[in-house]
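[1] return a 3D structure for these sequence lines:
(chains A and B)
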Amino acid sequence: MTREAFIYDAIRTPRGKGKPGGALNEVKPVTLLSNLLRELHNRNQFDTAAVDDVVMGCVTPVGDQGADIAKTATLAAGWDWNNGGVTLNRFCASGAEAVNLAAAKVRSGWEELIVAGGVESMSRVPMGSDGGAWAADPRTALDTGFTPQGIGADLIATLEGFSREDVDAFALASQQKASAAWSRNAFERSIIPVRDQNGLLILDRDELVRPDASMQGLGKLNPAFAGIGEFGFDAVARQRYPQVERIEHVHTAGNSSGIVDGAAALLIGSEAAGHTLGLKPRARVVSAAVVGTDPTIMLTGPAPASLKALQLAGLKAEDIDLYEVNEAFSAVVMRFQRELDVDPERINVNGGAIAMGHPLGATGAMLLGTLVDELEQRQGRYGLATLCVGGGMGVATIIERI
Amino acid sequence: MKAIRIEKDSDNIVHLVLDNPNASANIMDADFTESLRQAVRQLQGEDFRGIILRSAKSTFFAGGDLNRLYAARREDAEAFFSECQALKADLRWLETQGKPVVAAINGAALGGGWELALACHHRIALDDRRLKIGLPEVTLGLLPGGGGCVRMPRLLGLQNSLPYLLEGKQVSPQQALAAGLIQQLAADPQELLDHARDFVLANSDTPLLQPWDQPGYRMPGGDPRNPKNAQLLAAAPAMLIQKTKGCYPAPEAILSVAVEGAQVDFDTATRIESRYFVELACGQVAKNMIGTFWFGLNAIKAGDSLPESVRQMNTAPVKKIGVLGAGMMGAGIAYACASKGVEVVLKDVSLEGAEKGKSYAQKSLQKRLERGRMDQSRMEAILNRIHPTDQVGDLDGCELVIEAVFEDRKLKASVTRETEAVLAESAIFASNTSTLPITGLAEASGRPANFIGLHFFSPAEKMPLVEIICGQETSEETLGRAYAFVLQIGKTPIIVNDSRGFFTSRVFGCFTNEGIAMLGEGVNPATIESAAAQAGFPVGPLAVSDEVSMTLMSKIRQQTIADLQEEGKSVPSHPADKVIDHMLELGRAGKASGGGFYSYPESASKHLWPGLAKEFPQGEQPPFADVRERLLFAMAVETLRCYEENVLRSVREANIGSIFGIGFPPWSGGALQYVNQYGPVEFAARARELAALYGDRFEPPALLRQLEESAQQLTDE
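    Coordinates of the predicted model:
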């Protein structure tokens, strides 16, 4: 019989605005992560020496986040030297990839207990500050048709015929769902407030959520990517999409994911590990998948990745009770909904990154945590989390509530 | 010792005198490379206080050896790379040997010439506005491979160096001084030499280093890792693609060398530059561009296309001309000629009309004045040369008259007769018709030997080409004089034989018709326009049809039909015809009439008319490559026919004419070079494929079938 990988727990920090003045700007990313590791240990009382590895996603692993922050955080948390630590980068799906890798390790039988998650302090280590050939080396950028994500999002909207109103309406719904979720304490089980060394509270709620958001307010925001589009990136995108006369720049700061700081951690283990440590599994990782799609439009990966994961699981789209599709941009989720023909009522029931923010390396793990909580809340069975990924990738994970 | 003389003066300063024995300008040919090699070897064993590089020619140094570069083949990449590296090692020796090295720039220092100057510690130029400094390599599909991509960013910083490297920007000595390219100006050749000597004497006691070789050197504006640059550099490739649509490898390579080279030490950067240089020089686009814009254009300027009898004819510059008709075309021709110092009598039926024509020049000059590109006195001088009139008698004394009235035979005939009555016997009468055969128009002339076609392109003051059309009776002398006049006003002539639409109008019509036909077939109009852009055309077929107006296109077709029927010939039809007719029925003739394929809203930029989707429903879309190649092939195949029918007399004129006159993509080297670079065999096969799919007009003409069989290229050799 196949070995299973179980999710024994899932926790996260609240998300702070990812800029100076944001509540978590004063907290170092290593502290965000090591505090979370300590709390995971407190809640579950496992022997830290039993943890084989700590796998953490981080998209900008330089500076404060450099030099394998996963291992650094286990040491800072005072965990047993016995466990390993590895930082991985699958761009925006790094947190999901960490969970998927942990599950694969457990299912392979090579390891028994793993902590997987991610961390990103976007206020301290800004997006793109790690350079990289794709954007910063002219020869590579020219050969690969590099465009920033926002251009791809606007291109999706143009091709799909999503108007500014459509994408704003989606964003408003995200805000409303997130506000409602917070009002009914939907995240109660997983949110770990961030405190200082004296135990004083720094942040206990997602800071970015705007309960007062309105269509009127959203409508006033300027298109965020029209400028870089005119600069030349529209032309690059149109090289591959010659059927598009011009790209309609509908995405704004209001209908795109927010820039935030945050971290997440899940405890993943085998059945045997649970027995030994006296832990009760909350969910099972059913399948996981990664795909590559056209890198210029870049953000169309969620549908094919989900279909691949569904096929591996022997499931159909309608078998999934709840979807968490990362709200990188409104158009990404709207296109996913159309492609898989999913009931919108099953997607992002507690809002998403447009309202609460997208701490790049941690988001995938946060989505999976939200799924576990909400499946339990609703007594649902299957949940699917998926994200669009830089470079034109897509990642999906299916879980089953136990 | 050939290209460089070594002299030593009484101060023990070495003078490297650049004096190419084979030509009137110094170039980086094998002689030069060898001479520099020997000079470096000799100097390595000698004691001297410093080195002055100066030229014995009227220019400092002209640049690379294009014969050598044109001949470079991929198979010789390794030897070619070594040659580049060896030359650059000698230049590197100059700047690292410790004694001061000065470039005394007495005339143009372009390309390799400027790179030579960059390897000197100190650059002094004569303060002469006409003296040009810059790196034009990119315009021939090359990069500055003699260290220019390495030293310019180190001298000016990445951001400031890019316009010189990527756009081939050229500057005067004063601008060069302000930009930090040179360090000193000199009023005359003696001062130039004095300054150079002074610098050597003042700096020969302690070893002198280039800024980039000094300890603690930092690139101005920071290296590519600097966050300020990182943002610029992430956008730079996109800005480039917006401009070039990916058709030009040279600016891409230049940007790459500049950035990659800025991240490593000097010698490593030099190797990176050589590798990219070898890649470009051996590549097809450089061959296309050097062949057409250097060898082809030079041959045209030298009059190689003229008949033997008038090739060396001495013609005095034309002083006074007449222009008949002061519409857009006539006004532009008058402006173009007056700008080059020719007196122009601009005649229209009313004085008011003639003055309106002159005001066209006035407005344009005013704009140039406001932008600081023109001074008041020059502007007045140009305007004073344009004499508006409604009196035919004022044309008295004109050596040449260019008729630019409506495309109406009767009208043209009457102005021909009326004008010839007041002209001297020797005067040339030229028609600016774009389509009507010259032989027919010459029937109205009392001296058909002096009658010729001079087809300008709109806007005439900007477009570089003039198509010269010889009628059956046009004399060789008239041709020779007209050719000289076109060169006199700074334009590029091509000679074509008389035929309907001549060369340019005929082939241009293939471009617009092909695009319009695709629309009729149900191809997405945005795809058609994008395909044109990605092929390298400056404007799409639908957009340009709107500019020309479909009314005019239809009129020309009707005239053609009438003429052919009169001659008892069959009338060819094109699938574009019914699309144009339909657009005219819809009242959408083009931009001037308020809208055509595009809508022209007042407050926003133009966009494709949304009604096109209903009028020309989109079907299953063909491969994008087909859409793109149909535009290129339609023109290239028709150009082959023109060449085959002797409408065109040379390959180079076909190439230059197609690029300068009707927007054929410059990267291709022109409509016939496109066939060459595609490979005649492959081109013929693809033409047949397109013919089977889209119509007989793509069927290879006999000439192409011959080339296919012999696997030969089209050349003028």
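[2] helix or strand for residue A:398, which one?
    Using DSSP states H and E, residue A:398 falls within strand A:393-401.
[3] okay, now the unreliable bits of chain A?
    A:1 (pLDDT under 70).
[4] go with 80
    A:1-2 (pLDDT under 80).
[5] contact residues of it facing chain B?
    A:128-129, A:131, A:135-139, A:141-142, A:146-147, A:228, A:231-236, A:238-239, A:242-246 (CB under 8 Å from any CB of the partner chain). The way it works is simple: take the backbone N, C-alpha and C, and place the C-beta from them, glycine included.
[6] enumerate every residue touching the one residue in the stretch 201-350 of chain B that gets nearest to chain A.
    Residue of the stretch 201-350 of chain B nearest chain A, by CB to the nearest CB: residue B:238 (3.2 Å). The contact partners of residue B:238, by CB atoms under 8 Å, 6 or more residues apart in numbering or on different chains, come to A:141, A:146-147, A:228, A:231-233, A:235-236.
[7] 6 Å instead, please
    A:232-233, A:236 (CB atoms under 6 Å, 6 or more residues apart in numbering or on different chains).
[8] residue A:51 too?
    Here residue A:51 is in contact with A:83, A:113, A:115 (CB under 6 Å, 6+ apart).
[9] including neighbour count and secondary structure, could those go into TSV?
    Shown next, in TSV, are the contacts of residue A:51 (neighbours: other CB atoms under 10 Å in any protein chain shown; DSSP: H, G, I helix; E, B strand; the rest coil):
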residue	neighbour count	secondary structure
A:83	21	coil
A:113	27	strand
A:115	31	strand
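[10] does residue B:130 belong to a helix, a strand or coil?
    Following DSSP: H, G, I helix; E, B strand; the rest coil, the label given to residue B:130 is coil.
[11] ramachandran angles for it?
    Per-residue torsions, residue B:130: phi -80, psi -10 (degrees, to the nearest 10).
[12] skipping adjacent residues, who's closest to it in space?
    residue B:172 (7.8 Å; CB to CB, 6 or more residues apart in numbering or on different chains).
[13] now do the buried residues in the longest helix anywhere in chain A.
    Secondary structure of chain A read by DSSP state H shows that its longest helix is helix A:164-183. Under the neighbour-count criterion of 16 or more other CB atoms under 10 Å in any protein chain shown, helix A:164-183 has A:164, A:166-179, A:181-182 buried.
[14] and what of stretch B:446-454?
    B:447-448, B:450-454.
[15] hang on, the earlier thing: so which of the contacts of residue B:238 wins on neighbours?
    Counting neighbours by other CB atoms under 10 Å in any protein chain shown, residue A:233 comes out on top of those with 30 neighbours.
[16] contact partners for it?
    Residue A:233 neighbours (CB under 6 Å, 6+ apart): A:147, A:151, B:238.
[17] so which of those residues is the closest to residue B:559?
    Nearest to residue B:559 among the contacts of residue A:233: residue B:238, at 45.9 Å, using CB to CB.
[18] now that closest one: closest residue in space that isn't a chain neighbour?
    Counting by CB to CB, 6+ apart, the residue nearest residue B:238 is residue A:232, at 3.2 Å.
[19] hmm, back to that, if I look at the residue of the stretch 201-350 of chain B closest to chain A, how far off is residue A:396?
    Residue B:238 is 31 Å from residue A:396, where distance means CB to CB, to the nearest Å.
[20] for chain B, which residues are neighbours of chain A?
    Counting by CB under 6 Å from any CB of the partner chain, the positions of chain B adjacent to chain A are B:233-235, B:237-239, B:241-242, B:252, B:255-256, B:259, B:524, B:526-527, B:530, B:608, B:624.
[21] in strands, which of these appear?
    residue B:608 (DSSP state E).
[22] any of the residues of chain B next to chain A buried? List them.
    Here, 16+ other CB under 10 Å leaves B:233-235, B:237-239, B:241-242, B:252, B:255-256, B:259, B:524, B:526-527, B:530, B:608 buried among the residues of chain B next to chain A.
[23] returning to that earlier point: just send the contacts of residue A:233 back as CSV, with distance to residue B:682 too.
    Formatted as CSV, the contacts of residue A:233 follow (distance: CB to CB, whole Å):
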residue, distance to residue B:682
A:147, 33
A:151, 36
B:238, 32
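[24] just these: which are in helices?
    A:151, B:238.
[25] for the contacts of residue A:233, which one is nearest residue B:315?
    residue B:238 (49.7 Å).
[26] quick one: pLDDT of the closest one?
    We have a pLDDT of 97 for residue B:238.
[27] kindly report the same for residue B:1.
    Residue B:1 is given a pLDDT of 51.
[28] residue A:44: neighbour count?
    15.
[29] what helices or strands is the strand holding residue A:398 leaning on?
    Under the contact criterion of 3 or more CB pairs under 6 Å, 6 or more residues apart in numbering or on different chains; DSSP states H and E, strand A:393-401 touches helix A:94-108, strand A:283-292, helix A:302-313, strand A:382-389.
[30] let's go with 10 Å and repeat that
    Strand A:393-401 is packed against strand A:6-12, helix A:94-108, strand A:283-292, helix A:302-313, strand A:322-325, helix A:363-378, strand A:382-389, with contacts defined by 3 or more CB pairs under 10 Å, 6 or more residues apart in numbering or on different chains; DSSP states H and E.
[31] that older thread, can you lay out the contacts of residue A:51 as TSV showing distance to residue B:574?
    Listed next are the contacts of residue A:51 as TSV, based on distance: CB to CB, whole Å:
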residue	distance to residue B:574
A:83	76
A:113	75
A:115	71
